[in-house]
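[1] Structure, please.
(one chain, ligands or ions: 1)
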Amino acid sequence: MEENDEDQRLPHHRDPKEFDMLDLCPEKMENYEEKLRNFYTEHIHGDEEIRYCLEGSGYFDVRDKDDRWICIWIKAGDLIVLPIGIYHRFTLDASNYVKLRSSGLIRIVN
Ligand SMILES: CSCCC(=O)C(=O)O
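    This next block holds a predicted model:
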C-alpha cells in the first residue's frame, strides 16, 4: 500500500488541521456561479461531510432510502453531518449568503 492510500482512509474530518471556512457569496468567492452550480449538482463523497453554519443560511437536499429528496434548511448555529454515500446537493436561500466551517479534504466520487 502506498503511503497516500493509507492517508485516504484516515478520518480527515476529525483532524482540526483539516477544517476550513467556506464563505459562499458573490463578493467573497472566485468562480461563485460555477461553485454554486457544482454544489447544486447531485453528488456523493468518499468521506463523511460535516458542515457547521456560522452565518447566513442555505439548503441541503439529501436523498432518502426511497430516492426522494429531503430538504434541510440550515442556519447559523446548525451542524449537519452527511454520512458517506449520501447523495446530496446544496443551494443558497434568499439570504444569498452562507459561511460554513467544513472538513477540508473532500473527495468527490460521483
Ligand atoms: C456549500 S457547502 C456544501 C456543498 C456540498 O455539497 C459539498 O461540499 O459537497
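
[2] Could you pull out the strands in this structure for me?
    Using DSSP state E, the strands of the chain run over 19-24, 49-63, 69-75, 79-82, 88-92, 98-103.

[3] Quick one: closest of those strands to residue 39.
    Residue 39 sits nearest to strand 88-92 of all the strands of the chain, at 4.3 Å, using Cβ to Cβ. Every C-beta, even on glycine, is put in place using the N, C-alpha and C of the backbone.

[4] on that earlier part again, which of the strands of the chain has the lowest mean pLDDT?
    Sorting the strands of the chain by mean pLDDT places strand 19-24 lowest, at a mean of 82.

[5] Now look at that one and say if it contacts the ligand.
    Yes: applying Cβ under 6 Å from any ligand atom, one finds strand 19-24 in contact with the ligand at 22, 24.

[6] how close does residue 67 get to residue 21?
    In this structure, residue 67 and residue 21 are 32 Å apart, going by Cβ to Cβ, to the nearest Å.

[7] same thing with residue 41?
    On the measure of Cβ to Cβ, residue 41 and residue 21 end up 22 Å apart.

[8] which one of residue 67 and residue 21 has more residues nearby?
    Using other Cβ atoms under 10 Å as the criterion, residue 67 and residue 21 rank with residue 21 on top: 11 against 7.

[9] What residues are bridge-paired with the residue lying closest to that one once chain neighbours are set aside?
    Closest residue in space to residue 21, ignoring its immediate chain neighbours: residue 101 at 5.9 Å, by Cβ to Cβ, 6 or more residues apart in numbering. With DSSP bridges applied, residue 101 shows beta-bridge pairing to residue 21, residue 52.

[10] Just the CA atoms of the longest helix belonging to the chain, as CSV, please.
    Ranked by residue count and defined by DSSP state H, the top helix of the chain is helix 32-40. Extracted C-alpha coordinates of helix 32-40, given in CSV (Å, rounded to 0.1, in the frame of the first residue of the first chain):
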residue,chain,number,x,y,z
TYR,A,32,-19.0,31.9,-7.4
GLU,A,33,-21.5,30.9,-10.1
GLU,A,34,-19.6,27.8,-11.1
LYS,A,35,-19.1,26.7,-7.5
LEU,A,36,-22.8,27.2,-6.8
ARG,A,37,-23.7,25.2,-9.9
ASN,A,38,-21.4,22.4,-8.8
PHE,A,39,-22.8,22.3,-5.3
TYR,A,40,-26.3,22.1,-6.7
